[in-house]
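**Q** need the 3D shape of this:
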Amino acid sequence: MPALSLLACDATGTEAESDSTDTALESDSTGAELGRHDSRPTLAIGEAEPTAATPLRAKALGRMRNAAKYFHDNVARHGGYAWHQNATNLSERWGDIQLDDDQIMIQSPGTADVTIAFVEAALADPATPALKTYAQDAAMALRHGQVKSGGWRLYADFKPTPVLKACYLNTTANCSCGGCKFTVYDDQVTQLALIAMMRTDQLLGFADAAISGSSAYARARVETSQYPTNGGFPQGFAGPVAARPALQASYPPSIGTSCGLANCYANSYTTEYWDDPTLNDNLASAFVEMLYWAREVYPAQASTYQSMLTAYGDFLRRAQMPQPQPAWAQQYDLQMQPRWARSWETPAIAGQESQDTMWALLRLYQLDPSVPANRAAVGTALAYLETVDYANDTLIHRYIELDDTSPSNVGFYTVNPGGYPVQFSSAPPTYQNYGWEVPSQLAAIHAEYDRLASDTTVMKRSCQSCAPTRRRPSTRR
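**A** This next block holds a predicted model:
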């Protein structure tokens, strides 16, 4: 169930008219929708559309209202949403498991996305007050799912005795469910939910005490989840995190040996991977957008959130591996060296996470051009990564073996039934529950890198292609 979004095309009236009874809204995004696993984040800040009326705009707004009303009145359960629902049987609802009518998804593309979409809809059509109500109802569903550690988990369950257990802030008296106290950053769960709460709070003029309180509670705890000195974030938290040194990323000691990464570098650590700095699943851009919205929505605390943004940019630059592979890993250990996470998630250059980190650094530079190092880090990474994407520059591997750019060693690890990768291969492994290769976004990243050299306004989307003609790094880099 994708989030509702607004038209971003130039409304010149030149597009063909379609049947006026069609209630589907075909749209691009102009808002702050984030976190698609296979696409760059949207960088526009979601300003309201101009009020000038055109036939195309009027039609778009009408369809948007119809879609929003249908979502709110028919699709929502307790104000929240699943990922997918059967169009002919709305009680058949799915996330990554089947959900009943008392369960909702927080994780994208779930309730947080729809809440943000309702906020965007209300900004685009302020003459329709129902859109504010829809956003408020969805935000209250998010509030129900907020956990006592401060943020959110993948699901929320509205039963008096929840099946999907969590240590809910407002309803759980006895938190005896172990890991359910944990706030989840992975898959952008808490980042998107907090953006939704903050933006709804702003939309409602900070007049809803429950939503304002939920936002304040989450923000206070997010502040204590950023590693002091280090500037990174873990995959989630149950409480404040301890300081870590501001180390530059480096290669693990097994590099350069003859036994190969999977055998030389043991999957054994003193800390759990979810407590270490992570960039997994596009978290870099999600953290930047979460802190950006906190700064914009709550100007009295702007200096705090700007300091957090600055510290995070410093972390991202330090997390960039040195030559010959100046890109990023998925997970780092106490020494800021790439580490194992789950048994198939290797210490390696991570194609997907590197691309997302470059978007995050470009966004940071766009927000503050006085830190040219953020843009410069992207130029250095492009010069390397544009030599290892493939399939006519359309794909990049999720994992690229450290310090080895040979084509035969760019690809996959074979996974045994027990789960441990033991042999490198150019063919996808039998374990398929993962994105082993992802779309290359390097052309779009390079275009934004070039644009920012002279234009640091917010990047806007249009109905034109988002994939410019392929360009290789120039000799100046």
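
**Q** what stretches of the stretch 51-200 of the chain score poorly on pLDDT?
**A** Within the stretch 51-200 of the chain, the ranges that satisfy pLDDT under 70 run 51-52, 178.

**Q** can you do 90?
**A** Applying pLDDT under 90 to the predicted model, the residue ranges of the stretch 51-200 of the chain that meet it are 51-54, 96, 161-162, 164-165, 171-180.

**Q** tell me where it has strands.
**A** Ranges of strands in the stretch 51-200 of the chain, per DSSP state E, counting those that start in this stretch, are 84-86, 89-94, 98-99, 103-105, 155-157, 183-184.

**Q** gap between the closest residue in space to residue 333 that isn't next to it in sequence and residue 357?
**A** Distance criterion CB to CB, 6 or more residues apart in numbering; nearest residue to residue 333, sequence neighbours excluded, is residue 339 at 3.9 Å. (Glycine included, C-beta is placed from N, CA and C.) Here the criterion is CB to CB, to the nearest Å. By it, residue 339 lies 17 Å from residue 357.

**Q** residue 388 too?
**A** Residue 388 is 16 Å from residue 357, where distance means CB to CB.

**Q** between those two, which one's more packed in?
**A** Each of residue 388 and residue 357 has its neighbours counted (other CB atoms under 10 Å); residue 357 has more, 27 against 18.

**Q** ok, back up a step: just the strands of the stretch 51-200 of the chain: most buried one?
**A** strand 103-105 (a mean of 27; mean count of other CB atoms under 10 Å).

**Q** which strands or helices does that one pack on?
**A** Using 3 or more CB pairs under 8 Å, 6 or more residues apart in numbering; DSSP states H and E as the contact definition, the elements that strand 103-105 packs against are strand 155-157.

**Q** partner strands of the strand it packs on, with direction?
**A** Within its sheet, and counting by DSSP bridges, strand 155-157 is paired with strand 103-105 (antiparallel).

**Q** need the residues that contact the strand it pairs with.
**A** The contact list for strand 103-105 (CB atoms under 8 Å, 6 or more residues apart in numbering) reads 77-78, 80-83, 93, 95, 99, 110-111, 141, 145, 154-158, 163-164.

**Q** one more time with 10 Å
**A** Here strand 103-105 makes contact (CB atoms under 10 Å, 6 or more residues apart in numbering) with 1, 76-84, 93-97, 99, 110-114, 138, 141-142, 144-145, 154-159, 162-164, 189.

**Q** contacting residues for residue 97?
**A** When contacts are counted by CB under 10 Å, 6+ apart, residue 97 is found next to 103, 105, 154-155, 164.

**Q** partner residues bridging residue 98?
**A** The residues paired with residue 98 through beta bridges, assigned by DSSP bridges, are residue 94.

**Q** these two touch, right, it and residue 82?
**A** Yes - because the distance of 9.1 Å satisfies CB atoms under 10 Å, residue 98 is recorded as touching residue 82.

**Q** can you pull the residues that touch both of the two?
**A** Counting by CB under 10 Å, 6+ apart, the residues touching both residue 98 and residue 82 are residue 92.

**Q** so how far is the strand or helix carrying residue 312 from its chain's centroid?
**A** Assigned by DSSP states H and E, residue 312 belongs to helix 302-318. When C-alpha coordinates are averaged (CA atoms, centre = their mean, to the nearest Å), helix 302-318 and its chain have centres 17 Å apart.

**Q** can we start the residue count at 624 from this point?
**A** OK, 624 is where the count begins now, so the last one is helix 925-941.

**Q** pLDDT on that helix, on average?
**A** For helix 925-941, mean pLDDT rounds to 98.

**Q** re the thing from before, could the contacts of residue 720 go into TSV alongside distance to residue 753?
**A** As requested, the contacts of residue 720 are exported to TSV (distance: CB to CB, whole Å):
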residue	distance to residue 753
726	25
728	23
777	29
778	27
787	30
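
**Q** ok, so of the residues you listed, who is nearest residue 861?
**A** Of all the contacts of residue 720, residue 777 has the smallest distance to residue 861: 15.8 Å, by CB to CB.

**Q** the closest one against residue 808, yeah?
**A** No - in terms of CB under 10 Å, residue 777 does not count as a neighbour of residue 808; the distance is 11.7 Å.

**Q** so for those two, which sits in the more crowded spot?
**A** Counted by other CB under 10 Å, residue 777 and residue 808 do not tie: residue 808 has more neighbours, with 26 against 18.
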